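# Take a look and give me a structure for this.
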Amino acid sequence: MSRARSIGLLLVLVTLVAYLPGLRNGFVNLDDRDYVTENPIVQQGLTWQGIQWAFGTWHASNWHPVTWLSHMADCELFRLNPAGHHLTSILLHAANVCLLFVLWLRLTNALWASAMVAALFAWHPLHVESVAWVSERKDVLSTFFALLALLSYVRFAKSGAGGGRPAPPFYTSRFYWLALIFFALSLMSKPMLVTLPFVMVLLDFWPLQRYQETSFDTGFSLASPKGGEGRGEEALIFSTQFPSPQPGVALRYAQPLWRLLLEKWPFFLLTLASCAVTVLAQRAEAIAPLGKFSAGLRVENTVTAYAGYLFKTIWPAHLAAFYPLLKPIPLAAVALAVVVLLVISALVWSSAKSRPYLAVGWLWYLGTLVPVIGLVQVGDQALADRYTYFPVIGIFAAITWAAKDLAQRFQFLNKLLGAVAVAVAIGCLALTENQLRYWHDSGALFTHALAVTADNAPSRLNLGAAFQEENRPDDALAEYRAALRLDPNRHEIYNNIGRILNDQGRPAEALEYCRTAVALDQKSPQSHIGLGIVLAELGRFDEAMNEFSAAAQLNANDPAPHFQMAKTLLKQGRDAEAVPHMQDALRLRPDDLPMLIYTARVLAADENPQARNGAAALALAQKAAQLAGGPQPVVLDTLAMACAETGHFDEATQFAQQARDAAQAGGDKDDAAKMQQRLELYQKHQPARISFKTE
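Residues are numbered from 1 along each chain as shown. Down below sits the predicted model:
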């Protein structure tokens, strides 16, 4: 095995070992619900309906069908086991590490420098968010196709260089069109990499050296392919301005900038199309209006974000899942960021001819961050670790080649720089290992975010939601109230407070919060559902049904409004009318365990014979038992109800005994007592009957 292959394999193996602890992590309440855990279409796996939906939806304010297909494939293979979803992202990241190593090796033939760029990319803790967050699959997937596009482009660009010939016309090169296909797939995974054609132009400058200046300070021309002399577009040139990336190879077929840009017009066309689609997808919800974030604030945030990403690349401390955009940004921070960016840009510009790798790396970083830098503000964050996944490759390359250049000039520094490189790599691995722990669950993630950031209302909101899921209502309420003090205009906070107050038997207090939530955002289905639940609890059933109907119209794929309509009808004693709504909810989310159990119980034991259907109840209860994956008391109790309704009293007795014993073992004395009562009915060959007005 060659040295290059051994190094590539080592990079991949170390990356896998570093990230494998992430398989113990679960889903988090930051977008994972929209993408996987509460997305019924994705959960069905790869289906024709799902494929059509993926290419036709703007769900989650993006058009990225390839990303949706990857999540569907995960659900096909792993269902809702988070380890499988994390494994896919880890494997994609490891593949990206290998592709990046091969890319720089083919570009420069510099083995150890290419390996260092790949290692920094692989193990830098800034990249943990892109890999460990299931919803950010789009990062690793889009970069995977982008790197394949660049590899194909390099193959096209270098196809004639070895013999001093130009690359073939782009329209005759299969590698060019292969690069275009991969670029399209990258954009259909995440539209952030619309700047990839500009990266290709940078690589034309260095290290491909396809760019020809209009005049030359040094250098000489060789005979043109036609036998003439000259320095025109068709001349083969040898320029001492740009050192060759491959030792001993100095011949390059150079072209003017306009031709290199024109050559890439299909790529730029895809960029324009992707930008247009993205704006259409995000304008309704994701893109923040100028009234919320002024143009001046956006410019200030752009400057500080560029400097902030650079600082976090060099000193990756206090990394968080969310960095709030503070208003106003301190003037000193803006001024310092401007000075840093101007100084670096001036140094890079002054050395562009002697050290072109600095210009390429710096412009790679600046350019690829443009779509997410904040001029078009999406969300409330000031910056995000995930946005650095592709852009900081430019910084890694610039630093690595600068060190390589330094080592060539001063041989005595070789060992020292080698030791520094090893220390940096080990340090990155340690920090990545530590950062992975914070992605274990929502509670750990946002507790850490609050520890390293200030005035972070979204993180308090998400931490409160995590506490609510853990049945810690008092802790959740405290976080929501703290978030409300920081951001009194966020409708989700009011809705969540209202839901907790209602669950605590305080619907009159909850009503005010839920009405405020709807008033702040009339287009939020969850706010309408929250208000409807409180109205139903207060006995205002018609108003509640109106709210659920509004939620269903806003999101036709959400089963919650239909399910709440059914429960509201049951409260009114209109049990037969409730059944179709439960069936509608299950059609939208057929594997929802709580809805399966509740519907099966209604069909098996409702007091109204018109609402009962024993065969359907048994089928739903059996499916619930399969999904539960273990002997849960409520599932066993539901199976017993369904068996009794269909006349299988021996089976009903057996399941009821198991349910009672499991409830007693779990300390649920009230539930165990009710199950004992139903058990006695089954022993007498009598089915159970329940009123769902208060269930």
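# Trp364 and Val117: what is the separation?
Computed with CB to CB, to the nearest Å, the distance linking Trp364 and Val117 is 11 Å. In this view, the C-beta of every residue, glycine as well, is placed from N, C-alpha and C.
# Which of these two has more residues huddled nearby?
Val117 (28 against 24; other CB atoms under 10 Å).
# Now that one. Nearest residue, chain neighbours left out?
Nearest residue to Val117 in three dimensions, chain neighbours excluded: Phe396, at 4.8 Å (CB to CB, 6 or more residues apart in numbering).
# Could you tell me how many residues sit around the one you found?
Counted by other CB under 10 Å, the residues lying close to Phe396 total 22.
# which residues are contacting the helix or strand containing it?
Mapping Phe396 onto the secondary structure by DSSP states H and E places it in helix 392-409. With contacts defined as CB atoms under 8 Å, 6 or more residues apart in numbering, helix 392-409 is touched by 100, 104, 110, 112-113, 116-117, 120-121, 124, 126, 309-310, 313, 355, 357-358, 360-365, 368, 413-414, 417, 420-421.
# Please apply the same query to stretch 327-337.
For stretch 327-337, the surrounding residues in contact (CB under 8 Å, 6+ apart) are 293, 297, 300-301, 303-304, 306-308.
# That stretch: which residues count as buried?
Residues of stretch 327-337 classed as buried by neighbour count (16 or more other CB atoms under 10 Å): 329, 334, 337.
# ok, now stretch 636-651?
Residues 636-646, 648-649, 651 are the ones in stretch 636-651 that count as buried (16+ other CB under 10 Å).
# Run through who's touching that stretch.
With contact meaning CB under 8 Å, 6+ apart, stretch 636-651 is reached by 597, 600-601, 603-605, 612, 614-615, 617-618, 620-622, 624-625, 652-656, 658-659, 662, 671, 675, 678-679, 681-683, 685-688.
# returning to what we had before: quick check: mean pLDDT across the helix holding Phe396?
Throughout helix 392-409, pLDDT has a mean value of 95.
# cool, stretch 318-329 as well?
Averaged across stretch 318-329, pLDDT comes to 92.
# do the same with stretch 554-564
Taken as a whole, stretch 554-564 has a mean pLDDT of 93.
# Outside of it itself, list whatever touches it.
Residues from elsewhere that reach stretch 554-564, judged by CB under 8 Å, 6+ apart: 40-41, 59, 523-525, 528-529, 532-533, 536, 544, 548-549, 551-552, 581-582, 584-589, 592, 595, 598.
# which residues touch Glu695?
For Glu695, the contacting residues are 570, 601, by CB under 8 Å, 6+ apart.
# chain center to the following helix or strand past the helix holding Phe396, what's the gap?
Proceeding C-terminally, helix 392-409 gives way to helix 414-437 as the next helix or strand, assigned by DSSP H and E. Here helix 414-437 shows a centroid-to-chain-centroid distance of 26 Å under the convention CA atoms, centre = their mean, to the nearest Å.
# And stretch 480-497, by the same measure?
On CA atoms, centre = their mean, the centre of stretch 480-497 falls 24 Å from the chain's centre.
# what distance separates the start and the end of it?
The first and final residues of stretch 480-497 sit 7 Å from each other (CA to CA, to the nearest Å).
# How about residues contacting that stretch?
If you take CB under 8 Å, 6+ apart as the criterion, stretch 480-497 is touched by 455-458, 460-461, 464-465, 468, 476-477, 500, 510, 513-514, 516-518, 520-521, 524, 526-527, 530.
# What residues sit buried inside whatever helix or strand Glu680 lives in?
Secondary structure assignment for Glu680, by DSSP H and E: helix 669-683. Of the residues in helix 669-683, those buried by neighbour count under the rule 16+ other CB under 10 Å are 671-672, 674-675, 678-679, 681-682.
# just stretch 3-15 next, same as before
Per 16+ other CB under 10 Å, stretch 3-15 contains these buried residues: 7-8, 11-12, 14-15.
# In helices, which of those residues fall?
7-8, 11-12, 14-15 (DSSP state H).
# Quick one: residues contacting Val303.
Listed by CB under 8 Å, 6+ apart, the contact set of Val303 reads 334, 337-338, 341.
# In helices only, show me those residues.
Helix and strand membership here follows DSSP H; of the contacts of Val303, those in helices are 334, 337-338, 341.
# Could you export the residues you listed as JSON lines, including pLDDT and distance to Pro488?
Rendered in JSON lines, the data for these read as follows (pLDDT from 0 to 100; distance: CB to CB, whole Å):
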{"residue": "Val334", "pLDDT": "96", "distance to Pro488": "27"}
{"residue": "Ala337", "pLDDT": "97", "distance to Pro488": "30"}
{"residue": "Val338", "pLDDT": "97", "distance to Pro488": "33"}
{"residue": "Leu341", "pLDDT": "97", "distance to Pro488": "35"}
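# Leu257: which of those is nearest?
If you rank those by distance to Leu257 using CB to CB, Leu341 comes first, at 24.4 Å.
# That closest one and Gly308 touch, don't they?
No: with contact taken as CB atoms under 8 Å, Leu341 and Gly308 are classed as non-touching, separated by 11.1 Å.
# circling back to that earlier point, which of the contacts of stretch 327-337 sit farthest apart?
Farthest apart among the contacts of stretch 327-337 - using CB to CB - are Phe293 and Ala307, which lie 18.7 Å from each other.
# so how far is Leu80 from Glu38?
10 Å.
# oh sorry, the question was meant for Tyr387
Taking CB to CB as the measure, Tyr387 falls 28 Å from Leu80.
# Next: Leu310.
Using CB to CB, we find Leu310 at a distance of 39 Å from Leu80.
# go on, Leu620?
For Leu620, the distance to Leu80 - CB to CB - is 19 Å.
# Show me which of the contacts of stretch 636-651 are buried.
When those are checked for burial by 16+ other CB under 10 Å, the buried set is 597, 600-601, 603-605, 612, 614, 617-618, 620-622, 624-625, 652-656, 658-659, 662, 671, 675, 678-679, 681-682, 687-688.
# can I assume His440 is in contact with Gly26?
Yes: using CB under 8 Å, His440 is in contact with Gly26, at 7.0 Å.
# if I pick Ala382, what's in contact with it?
Counting by CB under 8 Å, 6+ apart, Ala382 touches 301, 304-305, 308, 323-326, 374.
# That should have said Thr599, apologies.
With contact set as CB under 8 Å, 6+ apart, Thr599 has these partners: 582-583, 585-586, 620.
# so what are the domain limits for this structure?
Here the chain is described, according to automatic domain parsing, as comprising the domains 3-211+255-436, 218-254, 489-588, 591-695.
# Out of those, which gets the lowest mean score?
domain 218-254 (a mean of 40).
# nearest to Met188, of the ones in helices among the contacts of Val303?
For the ones in helices among the contacts of Val303, the minimum distance to Met188 (CB to CB) is 32.6 Å, reached by Leu341.
# That closest one - how many residues pack around it?
Residues lying near Leu341 (other CB under 10 Å) number 17.
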